[in-house]
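Participant: This is a predicted model, with the sequence first.
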Amino acid sequence: MNPLLRGKTALITGASSGMGADFARQLAAMGCRVILVARRAEKLQALRIEIFERHAVKVDTVAMDLCAADAPRRLFDQLKAQGLAVDVLINNAGYALYGEFARSNWERCRAMLDLDVVALTHLTRLFAADMVQRKSGWILLVASTGAFQPTPLYAAYAAAKSYVLYFGEALHHELRQHGVGATVLCPGVTRTEFFDVAGQEMTAFQRLTAMTSADVARIGLRAMLRKRSCVVAGPVNAAIAAFAPLMSRQFMAGIAARMMR
Ligand SMILES: NC(=O)c1ccc[n+]([C@@H]2O[C@H](COP(=O)([O-])OP(=O)(O)OC[C@H]3O[C@@H](n4cnc5c(N)ncnc54)[C@H](OP(=O)(O)O)[C@@H]3O)[C@@H](O)[C@H]2O)c1
């Protein structure tokens, strides 16, 4: 159990599957009360029971579509009304759309940007203000290794994750003087529901390099507790992320395109 987080309250978005569920399990194991947010109420309920039985911490669930424009505010107000102060914000909910952008469904693309960019930013704005006042808190923002180069066939998604990377790293500088941490986690390929939702069959390269969501969550939480600005999950992904800025962006876009097909 990590003494830093014992008795703290952690809010995890996208907790009904994949990395979000593992963030919740690991934070509960550290002694946190966890608040689980996603749309699928039955999945949240099953995880609530699992975590409570294993770790005996308080677990709250909020079934909510975070794409709705007023959702972050409703969530914030609901927790305030319950007297809950959030010490740890895990901004994890997100999804991708695979395929040529010019053929994409605009409504799905817009909803993706609403979730991956707007809701993440709005939640951060709401909860960071409270953390600054209390001079304590941790924010983890889940980006992607797609943030480091233009990524054909994931064009809008990868660009949204570049936003998360730059936003989170700037925030890291702004918040550290107030005793609040902001850390960006950049996972590479991870075995979750992500590829089914995105509509991509995993390539041989992706299957070969895929990490487990539990390992990625562990790397993210460790970096968050050390108040690092950014962490890339896994040595192969870290090497690719370090290499990308040394090359021209079009060169990297060509490599990314080959890796995605
Ligand atoms: N897996 C990868 O290879 C990979 C790589 C790089 C980055 N990432 C990032 O990692 C994060 C977690 O994804 P994952 O891999 O764990 O995928 P996942 O298993 O599909 O989990 C995504 C989570 O987001 C929630 N979500 C989706 N739409 C939502 C909405 N409108 N409102 C509220 N919650 C919503 C989903 O729950 P409901 O459907 O129940 O709402 C689910 O809990 C995402 O930000 C993703 O972009 C993943």
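Facilitator: Sure, I can see it. Worth saying up front: this structure is predicted, and the values here are computed from it rather than measured.
Participant: what does the protein put close to the ligand?
Facilitator: 14-20, 38-40, 43, 65-67, 92-96, 115, 142, 144, 187, 189-190, 192-194, 197, 213 (C-beta under 6 Å from any ligand atom). To be clear about C-beta, it is placed using only N, CA and C from the backbone, and glycine gets the same treatment.
Participant: Give me the subset of those lying in strands.
Facilitator: Judged by DSSP state E, those include Ala38, Val142, Thr190 as members of strands.
Participant: Among these, which one has the most neighbours?
Facilitator: Val142 (28 neighbours; other C-beta atoms under 10 Å).
Participant: Quick check: pLDDT value at the closest residue to that one other than its chain neighbours.
Facilitator: Among residues not flanking Val142 along the chain, Asn92 sits closest, at 4.6 Å (C-beta to C-beta, 6 or more residues apart in numbering). The per-residue pLDDT reported for Asn92 equals 98.
Participant: who's in contact with Asn92?
Facilitator: Contact partners of Asn92, counting by C-beta atoms under 8 Å, 6 or more residues apart in numbering, are Ile12, Thr13, Gly14, Ala15, Met19, Gly20, Phe23, Leu140, Val142.
Participant: if you set the cut-off to 6 Å instead, what comes out?
Facilitator: Thr13, Gly14, Met19, Gly20, Val142 (C-beta atoms under 6 Å, 6 or more residues apart in numbering).
Participant: Return the member of the residues you listed nearest to the ligand.
Facilitator: Gly14 (2.9 Å; C-beta to the nearest ligand atom).
Participant: which residue packs closest to the closest one, ignoring adjacent ones?
Facilitator: Spatial nearest neighbour of Gly14, chain neighbours left out: Ala93 (3.1 Å); criterion: C-beta to C-beta, 6+ apart.
Participant: and that neighbour, how many neighbours?
Facilitator: What Ala93 shows, counting by other C-beta under 10 Å, is a neighbour count of 25.
Participant: Could you check how far it is from Gly18?
Facilitator: 10 Å (C-beta to C-beta, to the nearest Å).
Participant: ok, now Pro72?
Facilitator: Counting by C-beta to C-beta, the gap from Pro72 to Gly18 is 21 Å.
Participant: same deal with Ala29?
Facilitator: 17 Å.
Participant: Would you mind telling me which of those two has more residues around it?
Facilitator: Neighbour count, other C-beta under 10 Å: between Ala29 and Gly18, Gly18 has more, with 21 against 15.
Participant: Okay, the more buried one and Gly7: tell me how far apart.
Facilitator: 27 Å.
Participant: Rounded mean pLDDT for stretch 3-10, please.
Facilitator: Rounded mean pLDDT across stretch 3-10 is 93.
Participant: what sits up against that stretch?
Facilitator: Contacts of stretch 3-10 (C-beta under 6 Å, 6+ apart): Leu27, Met30, Gly31, Cys32, Arg33, Val34, Leu84, Val86, Asp87, Val88, Leu225.
Participant: Quick one: buried ones out of those?
Facilitator: Among the contacts of stretch 3-10, the ones that count as buried by 16 or more other C-beta atoms under 10 Å are Leu27, Met30, Gly31, Cys32, Arg33, Val34, Val86, Asp87, Val88, Leu225.
Participant: At the geometric centre of this structure, which residue sits there?
Facilitator: When C-alpha atoms, centre = their mean is applied to the chain, the residue found nearest the centroid is Asn92 (2.4 Å).
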